[in-house]
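**Student:** predicted structure and sequence below. I'll ask about it afterward.
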Amino acid sequence: MNEDVLKVLVPFLLGCVAGVVSYFVAFGNVKRDPIGIIVLVIFIYMNKFLLPKVGVKSVETKDWLTISAMALGSWYMVWTFLMNI
């Protein structure tokens, strides 16, 4: 698989997982919402260790903006969707 595709796909999937984890951590309690954001930051940091394992050889500084944006976007969509169910 192409490295550029992996640089987008892995953060997207980790962001979706972070959204589910944030939902279960917060579980509708408004006082726990900042914990959900901390979960997102942890999952963004996990990309640093997971990307080399799936075959991405180099991650440049400009790539981290894309990785963070993909994780943030997918996390927000999944978490918002689950909170509105």
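**Tutor:** Here it is on my side, so go on. Residues are numbered from 1 along each chain as shown.
**Student:** ignoring the adjacent residues along the chain, who's closest to the residue nearest the centre of the chain?
**Tutor:** Central residue of the chain (Cα atoms, centre = their mean): Gly15, 2.4 Å from the mean position. Among residues not flanking Gly15 along the chain, Ser74 sits closest, at 3.3 Å (Cβ to Cβ, 6 or more residues apart in numbering). No exception for glycine: its C-beta is placed from N, CA and C like everyone else's.
**Student:** residues making contact with the helix or strand containing the one you found?
**Tutor:** Taking DSSP states H and E as the definition, Ser74 sits inside helix 61-83. Under the contact criterion Cβ atoms under 8 Å, 6 or more residues apart in numbering, helix 61-83 has outside partners 7-8, 11-16, 18-20, 22-23, 28, 36, 40, 43-44, 47, 51, 59.
**Student:** in that helix, what's buried?
**Tutor:** Neighbour-count burial for helix 61-83, counted by 16 or more other Cβ atoms under 10 Å, picks out Asp63, Ile67, Ser68, Met70, Ala71, Leu72, Ser74, Trp75, Val78, Trp79.
**Student:** what does stretch 12-26 give?
**Tutor:** Result for stretch 12-26 [16+ other Cβ under 10 Å]: buried residues Phe12, Leu14, Gly15, Cys16, Val17, Ala18, Gly19, Val21, Ser22, Tyr23, Ala26.
**Student:** now do that stretch, average pLDDT.
**Tutor:** Across stretch 12-26, pLDDT averages out at 94.
**Student:** what's that stretch in contact with?
**Tutor:** 32-33, 35-37, 39-40, 42-44, 46-47, 50, 70-79, 81-83.
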